[in-house]
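In: I'll drop the sequence and a predicted model, then ask my questions.
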Amino acid sequence: MRVLLIGATGTIGKAIANALTGRHEVIGASRHHSRETVDITKPQSIRDLYSRVGRVDAIVSAAGEAAFKPLDDLTDADFELSLNNKLMGQVNLARLGFRHLTDAGSVTLTSGILAQHPAPGTAAISLVNAGLEGFTRAAALEAPHGIRVNIVSPPWVSETLAAMGRPTTGGLPAAVVARSYVESIEGKMNGAVIAPA
């Protein structure tokens, strides 16, 4: 399969690329330092990416930013960033990508554990993650040509916790998280929220 992986240079993206390499052709895309560049906050940038890459069998997004700070400190700009980047960026990757997928292809998006288990300082991220999961369930009902739409909801990733200087207990290694993306691409599920374990 030809798999377009957006967010290929991030912690989870690199692990997904490693899990898929040798099994599928992986076309990496990100804002910087990747074979293909894309800014997911700009629909035209997404359209341009799809035009350059051509038809693919799977689209995977491990991309998106959202603000992480206490609710009282979140500004209009913080919400705008979160909604335009992680939420609408991935929504647009899916809806604009349908016409570039082969029949019975798949789209896999990324939310996160904070949709189900919010914590102080995560109002914007929890909002975006929950919105993405709702979108996935609905989009799976309407995707054309037998295209499947799923979303992976990772827990805290060990490597991310380490980079933040936090204890890694309770985190899951990115390589383990990546297995859920492979399952979404290669499996039959549709409209699923996949929680790596």
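Out: Yep, it's here. Residues are numbered from 1 along each chain as shown.
In: tell me the secondary structure of the residue of the chain positioned farthest from its centre, please.
Out: Relative to the centre of the chain, and counting by Cα atoms, centre = their mean, the farthest-placed residue is residue 72 at 27.4 Å. Classification of residue 72 using DSSP: H, G, I helix; E, B strand; the rest coil returns helix.
In: and residue 23, what does it touch?
Out: Taking Cβ atoms under 8 Å, 6 or more residues apart in numbering as the contact definition, residue 23 lies against residue 182. (C-beta placed from N, C-alpha, C; glycine too.)
In: quick one: it from residue 1, how far?
Out: Per Cβ to Cβ, to the nearest Å, residue 23 is found 8 Å from residue 1.
In: wait, residue 148 touches residue 106, no?
Out: Yes. Residue 148 lies in contact with residue 106 (Cβ atoms under 8 Å); the separation is 4.4 Å.
In: overlap in contacts, these two.
Out: Common contacts of residue 148 and residue 106, defined by Cβ under 8 Å, 6+ apart, comprise residue 184.
In: would you mind telling me which of the two has more residues around it?
Out: Summary of the neighbour comparison: residue 148 and residue 106, criterion other Cβ atoms under 10 Å, with residue 106 having more neighbours (26 against 21).
In: parallel or antiparallel, list what pairs with the helix or strand hosting the more buried one.
Out: Under the criterion of DSSP states H and E, residue 106 resides in strand 101-110. Here the strand partners of strand 101-110, with direction, are listed using DSSP bridges: strand 56-61 (parallel), strand 148-152 (parallel).
In: what's next to the longest one, contact-wise?
Out: Looking back up the chat, that one is strand 56-61. Under the criterion Cβ under 8 Å, 6+ apart, residues 1-7, 16, 24, 27, 40, 89-90, 93-94, 97, 100-102, 105-110, 181, 184-185 lie in contact with strand 56-61.
In: hmm, try it at 7 Å
Out: Under the contact criterion Cβ atoms under 7 Å, 6 or more residues apart in numbering, strand 56-61 has outside partners 1-7, 16, 90, 93, 97, 100-102, 105-110, 181, 185.
In: what about the strands in the chain?
Out: In the chain, the strands defined using DSSP state E lie at 2-6, 25-30, 36-37, 56-61, 101-110, 148-152, 193-194.
In: just send these back as TSV, with distance to residue 49 too.
Out: Converted to TSV, those look like this (distance: least, Cβ to Cβ, whole Å):
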stretch	distance to residue 49
strand 2-6	8
strand 25-30	6
strand 36-37	6
strand 56-61	10
strand 101-110	13
strand 148-152	18
strand 193-194	24
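In: nearest to residue 79, of those strands?
Out: Checking these against residue 79 by Cβ to Cβ gives strand 101-110 as the closest, at 19.3 Å.
In: ok and the closest one relative to strand 2-6, angle-wise?
Out: Orientation of strand 101-110 against strand 2-6 (axes from the mean of the first three to the mean of the last three Cα atoms, to 10 degrees) gives an angle of 30 degrees.
In: please consider this matter closed, and thank you.
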